[in-house]
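> Could you look at this predicted model? Sequence included:
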Amino acid sequence: MPPQLCPTCNRPPLSTTDTEDSTLTPTKCPLCNAITYCSFDCYTFDSNTHTILCNAYSTFTSKNPRPLTFHKLSLLLPSSAANPEFIWLKTCLHAGNWESAILEDHLGPDHPESRTFSITRELSAAHPDEKRYKNLNRTLFLECRADFEDDGSMRNWCVEKLIDEKLAKQWKGPMVISSKSESASNPALYEDFYIGDIALGVRIHCLGEKNVSKKPAFSAIAIEKDHDIFIMDGRVERIIPVTQSMGIPILIYNTGNVNYADQDLTEFQKRAVEGDIHFTKNPAVMFLTLDTDVKSQNWGAPDKMQWGDDTGNVIVARVDRKPLSPRQVEALVCYCRDVLHPAMKKTSKDFGGQNASKRMKAKEEVVTKLTRQARFKIYFNYLKSMKQIADSSWAKEKSPFT
């Protein structure tokens with residue numbers, strides 16, 4: 001099995017003999033014993049994200065011990081459930097020291113032929129200049145029914161939690177995500193799925209998804225930690241401006257529009273989709289991406305990303321890969337829409353006829369006053385108190401700054 005990389009910083013944990021710095025002592029999760037961090041700081045940094053996955057992992061492995069050594073921990077994406085499940089995937093060793101998966105009934109009771117896709121190889125081919133996709137020590141695979149497009153398989157809703165939504169529409173039927181050792185170019189042996197490869201983010205659904213498909217405005221998703229959203233090379237602006245000022249930079253990524261007419265919709269829903277010019281609008285994203293740059297001519301204007309009316313669905317995640325909840329994102333959107341945008345709009349109107357220095361000073365005062373953690377926390381607590389009147393579960397929600 002290849003050496004694990006620290007889930008927080010992607011460095012290999014040092015042995016205690018490699019450093020005299022006690023803060024760099026490798027730290028293993030005491031509950032699942034499946035992940036080792038390069039330091040206690042990294043362990044603490046990633047604890048919230050890991051705890052959610054760790055509990056599911058620990059529950060599964062405690063109740064379902066590994067049957068035999070050739071069974072490897074994998075993720076099953078059932079088409080009949082909303083959430084992925086851990087499974088023990090049976091493997092078979094062949095001459096030449098390579099393994100194949102024995103999928104049994106994981107892809108259906110009819111034991112269909114399977115088709116395999118290398119998730120890691122696809123990423124490497126799509127980003128040939130990215131160093132993070134070179135010299136990898138593990139490869140993620142997705143295995144599915146060979147004829148899932150035509151055999152009557154149902155749409156797999158779990159896929160939307162793990163891959164870009166623009167690709168999700170093509171996947172149907174149950175699927176298995178597994179991991180192999182060696183490099184991305186020459187994978188050979190199966191290994192246990194590494195639960196440190198996932199970050200928790202939020203999908204912001206467009207108007208059509210909410211009104212036609214009856215999906216929530218904000219939903220939790222699992223995002224692979226090598227997803228494009230985490231590419232920070234300066235070529236694409238991904239950080240939401242207001243969150244940068246608040247000290248918790250949050251990344252935003254447009255997953256692209258989906259041809260909803262091809263989805264498993266009822267006839268009524270299909271008619272609602274056809275010709276609906278508002279279907280792909282996403283006002284929540286427009287307010288969330290307010291332009292807070294005081295030197296910008298578009299200061300105070302929504303939609304800094306300039307995605308317009310065809311925004312569709314987007315995903316958001318914290319730069320530090322700590323978990324982000326749907327309600328935390330909802331609170332940020334509400335704050336931008338109900339507090340920040342009106343204040344910026346009023347300032348632009350009141351000081352529109354003033355000289356440049358006065359306009360600049362007024363803008364700076366608004367940004368300094370309203371894009372602070374302390375100010376947002378006050379609003380968050382107010383919003384929570386209002387929301388929990390109708391939904392008591394809001395009482396447990398914490399600010400992203402907590």
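Nice, I can see it. Everything quoted here is computed from the prediction, not taken from an experiment.
> At which residues are the helices of the protein located?
Assigned by DSSP state H, the helices in the chain fall at 40-63, 119-126, 165-168, 207-211, 241-246, 267-273, 283-288, 326-335, 341-350, 356-370, 373-390.
> could the ones you listed be laid out in a markdown table, adding mean pLDDT, mean neighbour count and distance to Ala222?
In short, each C-beta sits where N, CA and C put it, glycine included. Shown next, in a markdown table, are the helices of the chain (pLDDT from 0 to 100; neighbours: other C-beta atoms under 10 Å; distance: least, C-beta to C-beta, whole Å):
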| stretch | mean pLDDT | mean neighbour count | distance to Ala222 |
| --- | --- | --- | --- |
| helix 40-63 | 70 | 16 | 8 |
| helix 119-126 | 67 | 16 | 13 |
| helix 165-168 | 60 | 18 | 13 |
| helix 207-211 | 82 | 19 | 18 |
| helix 241-246 | 91 | 20 | 21 |
| helix 267-273 | 73 | 13 | 27 |
| helix 283-288 | 93 | 22 | 20 |
| helix 326-335 | 94 | 22 | 13 |
| helix 341-350 | 94 | 15 | 31 |
| helix 356-370 | 94 | 14 | 32 |
| helix 373-390 | 94 | 14 | 24 |
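> how near is the nearest residue to Tyr194 once chain neighbours are set aside to Cys144?
Ranked by C-beta to C-beta, 6 or more residues apart in numbering and with sequence neighbours excluded, the top spatial neighbour of Tyr194 is Ser179, at 6.2 Å. Ser179 sits 16 Å away from Cys144, going by C-beta to C-beta, to the nearest Å.
> if I pick Asp291, what's in contact with it?
Shown in contact with Asp291 (C-beta atoms under 8 Å, 6 or more residues apart in numbering): 241, 298-302, 304.
> can you point me to the longest strand in this structure?
Taking DSSP state E as the criterion, the chain has its longest strand at strand 85-94.
> Buried residues in stretch 65-75, which are they?
Buried residues in stretch 65-75, counting neighbours by 16 or more other C-beta atoms under 10 Å, are found at 70-75.
> what mean pLDDT does that stretch have?
The average pLDDT within stretch 65-75 is 87.
> measure that stretch end to end?
End-to-end distance of stretch 65-75 (C-alpha to C-alpha, to the nearest Å): 15 Å.
> Surely the residue nearest to Tyr194 is in contact with Phe141?
Yes - under the criterion of C-beta atoms under 8 Å, Ser179 makes contact with Phe141 at 7.3 Å.
> Those two: which has the busier surroundings?
More neighbours surround Ser179 than the other of Ser179 and Phe141, with 24 against 19 (other C-beta atoms under 10 Å).
> so how far is Glu104 from that one?
Counting by C-beta to C-beta, the gap from Ser179 to Glu104 is 18 Å.
> and what of Leu140?
Taking C-beta to C-beta, one finds Leu140 at 20 Å from Glu104.
> more crowded one of these two?
A count of neighbours by other C-beta under 10 Å puts Leu140 above the other of Leu140 and Glu104, at 24 against 11.
> contacting residues around the more buried one?
By C-beta under 8 Å, 6+ apart, Leu140 lies in contact with 118-120, 177-179, 197, 224.
> just those: which has the poorest pLDDT?
Asp197 (64).
> Just the CA trace of stretch 293-308, in CSV.
Extracted C-alpha coordinates of stretch 293-308, given in CSV (Å, rounded to 0.1, in the frame of the first residue of the first chain):
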residue,chain,number,x,y,z
ASP,A,293,-13.4,45.9,-4.7
VAL,A,294,-13.5,49.6,-3.9
LYS,A,295,-11.4,50.3,-6.9
SER,A,296,-13.7,48.5,-9.3
GLN,A,297,-16.2,50.4,-11.5
ASN,A,298,-18.7,47.7,-10.7
TRP,A,299,-18.4,48.1,-6.9
GLY,A,300,-21.6,46.9,-5.3
ALA,A,301,-22.9,45.1,-8.3
PRO,A,302,-24.0,41.5,-8.1
ASP,A,303,-22.5,38.7,-10.2
LYS,A,304,-18.8,39.6,-10.1
MET,A,305,-18.1,36.3,-11.9
GLN,A,306,-20.3,37.5,-14.8
TRP,A,307,-22.1,34.3,-15.2
GLY,A,308,-25.4,36.1,-16.0
